[in-house]
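> Return atomic coordinates for the entry below.
(one chain, ligands or ions: 1)
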Amino acid sequence: MEDVDDRADNSLLNKLIRRSLVESSQNVEVLQRDPTSPLYTVKSFEELHLMPALLKGIYSMGFNRPSKIQETALPMILADPPQNLIAQSQSGTGKTAAFVLAMLSRVDVKKNYPQCICLSPTFELALQTGAVIEQMGKFCEGIDVVYAIQGNRPAKGTIIEAKIIVGTPGTVMDWCLKLKLFDVEKIAVFVLDEADVMIGLQGYSDHSIRVKRALPPNCQMLLFSATFEESAFCFAERIVPDPNIIKLKKEELTLKNIRQFYDFCENREAKYRALINMCRSITIAQAIIFCQTRRTANWLSQEMASDGHVVALLSGELITAQRADIIQRFRDGKKKVLITTNVCARGIDVEQVSVIINFDLPVTVDGLMDYETYLHRIGRTGKFGKKGLAVNLVEKRFMHILQDLEEHFGIQITRLDTGDMDEMEMLCD
Ligand SMILES: Nc1ncnc2c1ncn2[C@@H]1O[C@H](COP(=O)(O)OP(=O)(O)OP(=O)(O)O)[C@@H](O)[C@H]1O
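Sure thing, here's the model as predicted:
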C-alpha cells in the first residue's frame, strides 16, 4: 500500500504543477517572440541605453530580454528631460524592474541624500521592492536604500543619507513632513507602485497625496499598476502633470497562462474539505490561500494545523518582525502553504507559488465582486509567463458573484470537483 506521501506525490495536481514548472522555463523565450504576449519584446536590454553596471545587475538576475512594459516604459522614463508616466501592465510582467531601473538610472551617487521615493501599499511589498533595488543595483557604486516602514524609526535628528527611500505612505509622510529626516525638495523621482490603491484607497491616498504635494515641481512621477479602474485612472491623470500613458484594454487584463477554476461548495465546511483535498495533493511547489477576513484566516490556519497540515499565517495584525519572518520563511520554501488576507494580494513575488486558492472570493465592502483584487490575487501565480492555477471555492450564495466575474472579464471559469480525482485528470490535459 503506497503511503500517503507517494500517493500525494503522484497526484494529478502535482503532475500538472511539475509539468507547468518545466514548461515555464521554455515558455519565456517563446512568449517573448509572441506579439500577443505581455512579455513580447523586439529590443534587447543593450538597446535601452542602460548603464553597464545596471546591465550587469539585470543579467546577474537571469533577465535575458526586457518585457513589453519594460521596453515600452524605459525609453519614456529615461528620456531627457524626464517625462511622467502612468503605466498599466498585467501582473507578473516586470513593472517592478521597470521603475527600479528608472530610479537606479536617475540617482547621482555623488550626492549623499535621498533622490528617489518609492511608495508601496504594504510592509511586505516595500521589503520586496527594496530587495530588488539592492539586487539590481549591486554593481552600481554608492547605491543605498533605506526602508521607511513600520518598526524602522531613526533616532531623532537623524539626517537620511541613503539615495533611495522605499516605504509605505504613512511612514514616508512622517519622515518627510513631520520628522523632516530628509529634504523632500531634492527628490528627483517619485514612484507609486500599485498606484490605483495608493491614490484611490482612503488612508493610502491622503498620505500619498500629501507627500506628492511636497515634491518639487520638476520631480519625475511614475505610477504603475496591473489595474486602473476608470475613476483611479482619471484621478491619476489629474495629479500627474502631462503624463505619458500606457493602458491595457479590458480584454488584455486576464493572463492566459493562469488557468482559473471553481469548486461549488454547499457551505464553509464543504469549502474546508475541498481545500484539504487540494492541499493533500500538493507536495511540490507552493500555494497561497486567500481569505476575506483576518478572522477566517485565523480560523482556517487553526483548523488546518489541528488536522496536521503545516501552514503559515500572515495577516495585518501581526507585528512587523513576525510579518517579515513569515514572508521570508515562505519565500525560502520553509512553508508550502501561506494562508493570508488581501495584505498579500498585490505585488508579492514568490517564484514557487503555482497555486492560488480563493477560500473566499474578494468582495467590496458592499458585498460586490472586487474585480481588481481578484486579478491581483491570482496574479501571485503565473509570474513572467509561468503557468499558474487559481481555484475559487464558491458557496451557493456567492455563485452570482462568480458569474459577475466571468462577465466582467469575458472569461469562462471551469467547474472543478476537487473531491473527484478524475476531474483532476482534466487538469493535466
Ligand atoms: N525581463 C525579465 N526577464 C526575466 N524575468 C523578469 C524580467 N522582468 C521581471 N522578471 C521577473 O518576473 C517576476 C515578476 O516581475 P515583477 O514582480 O516585477 O512583476 P510585476 O509586473 O511588478 O508584478 P505585480 O503586478 O504582481 O506586482 C519577478 O520574479 C521578476 O524577477
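> any chance you could map the strands in the stretch 101-250 of the chain?
Using DSSP state E, counting those that start in this stretch, the strands found in the stretch 101-250 of the chain span residues 116-119, 145-148, 164-167, 189-192, 220-225, 244-246.
> right, and these - which one's nearest residue 235?
With C-beta to C-beta, the closest approach to residue 235 among these belongs to strand 220-225: 10.3 Å. The way it works is simple: take the backbone N, C-alpha and C, and place the C-beta from them, glycine included.
> low-scoring stretches of the stretch 301-429 of the chain, by residue?
Across the stretch 301-429 of the chain, the ranges flagged by pLDDT under 70 are 420-429.
> Neighbours of the closest residue to the ligand within it, how many?
Nearest residue of the stretch 301-429 of the chain to the ligand (C-beta to the nearest ligand atom) works out as residue 384 at 3.3 Å. The tally of other residues near residue 384 (other C-beta atoms under 10 Å) stands at 21.
> just the one 10 residues further on next, same as before
Burial of residue 394, expressed as a neighbour count using other C-beta under 10 Å, amounts to 23.
> With mean neighbour count, distance to residue 66 and mean pLDDT added, can I get the strands of the stretch 101-250 of the chain in a markdown table?
Output for the strands of the stretch 101-250 of the chain, formatted as a markdown table (neighbours: other C-beta atoms under 10 Å; distance: least, C-beta to C-beta, whole Å; pLDDT from 0 to 100):
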| stretch | mean neighbour count | distance to residue 66 | mean pLDDT |
| --- | --- | --- | --- |
| strand 116-119 | 28 | 20 | 98 |
| strand 145-148 | 23 | 23 | 98 |
| strand 164-167 | 27 | 21 | 98 |
| strand 189-192 | 26 | 18 | 98 |
| strand 220-225 | 26 | 15 | 97 |
| strand 244-246 | 17 | 14 | 95 |
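> Please give me every residue in contact with residue 393.
By C-beta atoms under 8 Å, 6 or more residues apart in numbering, the contact list for residue 393 reads 262, 263, 265, 271, 274, 275, 357, 358, 359, 360.
> Am I right that it is in a helix?
No. Per DSSP: H, G, I helix; E, B strand; the rest coil, residue 393 lies outside any helix segment and is strand.
> Identify the residue spatially nearest to it, adjacent ones excluded.
Among residues not flanking residue 393 along the chain, residue 271 sits closest, at 4.2 Å (C-beta to C-beta, 6 or more residues apart in numbering).
> And for residue 170?
residue 207 (5.0 Å).
> burial count for the one you found?
Residue 207, neighbours per other C-beta under 10 Å, totals 19.
> follow-up on the earlier one: hmm, the residue of the stretch 301-429 of the chain closest to the ligand is touching residue 92, no?
Yes. Counting by C-beta atoms under 8 Å, residue 384 does reach residue 92; the two are 5.3 Å apart.
> what sits against the residue of the stretch 301-429 of the chain closest to the ligand?
Residue 384 touches 28, 39, 67, 92, 93, 94, counting by C-beta under 8 Å, 6+ apart.
> For the fifth one, give me the pLDDT.
Read it as residue 93. At residue 93, the model reports a pLDDT of 94.
> A strand includes it, no?
No. Under three-state DSSP, residue 93 sits outside any strand and is assigned coil.
> Neighbours of it, how many?
There are 22 residues near residue 93, going by other C-beta under 10 Å.
> which residue sits closest to it, ignoring its sequence neighbours?
The nearest residue in space to residue 93 (C-beta to C-beta, 6+ apart) is residue 38, at 4.4 Å.
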